[in-house]
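my questions concern the predicted model and sequence given below.
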Amino acid sequence: MISQPSRHCTVELQALPSRIGQVRRIVSAQLRYWHLDPLIDLAALGVTELLTNVHRHAEPDKMCTVEIELYPDRLTVSVYDHDPRLPEVRDADPLATCGRGLSMVASVSESWGVRPNADGGKVVWFTLPAPSPAVALPPYPVYATAPAAYAGTHAPARSAVAG
């Protein structure tokens, strides 16, 4: 399910490889809608790494929620899952094929972190600086029944991602 107030998008999914690609495309489409094209590659990389961690490590299930929020000065991407174990940045062996995800997120983001969630799981998040000047967005989502003032604008990305 995806909800889309004008500055917020949420996707619930099971973190399987095919779903990770779908979410990456949804995040990219939402950032295009918000006219944040310069952030697409960094946000897609970050969300891919966080969802891959859920796929590889989360227990008891792979269910998670991706949330992107646009603030005047930054974009925040958060991934919620049900596993209470907090991830740690590791020094990966130079020849290792995994273990660099959080380091990459840290290197491309303005800030990042992890915190326990009230439901017993955790939230891993990162922020990217929003380009200035901030883009003026419509105050509400644009739907087919929107007032004439919004005629010709595009609705935010929508998709049903089944778990």
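Structure's in. What do you need?

neighbouring contacts of the one helix or strand residue 115 maps to?
Here residue 115 is covered by strand 111-116, with elements defined by DSSP states H and E. By CB atoms under 8 Å, 6 or more residues apart in numbering, the list of residues contacting strand 111-116 from outside reads 84, 86, 87, 102, 105, 106, 122, 123, 124, 125, 126, 127. For glycine as for every other residue, the C-beta is placed from the backbone atoms N, C-alpha and C.

just want the most central residue of this structure.
Compute the mean C-alpha point of the chain, and by CA atoms, centre = their mean the closest residue is residue 77, 4.1 Å away.

check it and give its pLDDT.
With respect to pLDDT, residue 77 scores 97.

what separates residue 49 from residue 56, distance-wise?
According to CB to CB, to the nearest Å, residue 49 stands 11 Å off from residue 56.

which of these two has more neighbours?
Under the criterion of other CB atoms under 10 Å, the comparison of residue 49 against residue 56 puts residue 49 first, with 20 against 11.

would you mind giving both backbone torsions of the more buried one?
phi -60, psi -40 (degrees, to the nearest 10).

how about it, nearest residue that isn't a chain neighbour?
Counting by CB to CB, 6 or more residues apart in numbering, the nearest residue to residue 49 once its immediate chain neighbours are dropped is residue 101, at 3.9 Å.
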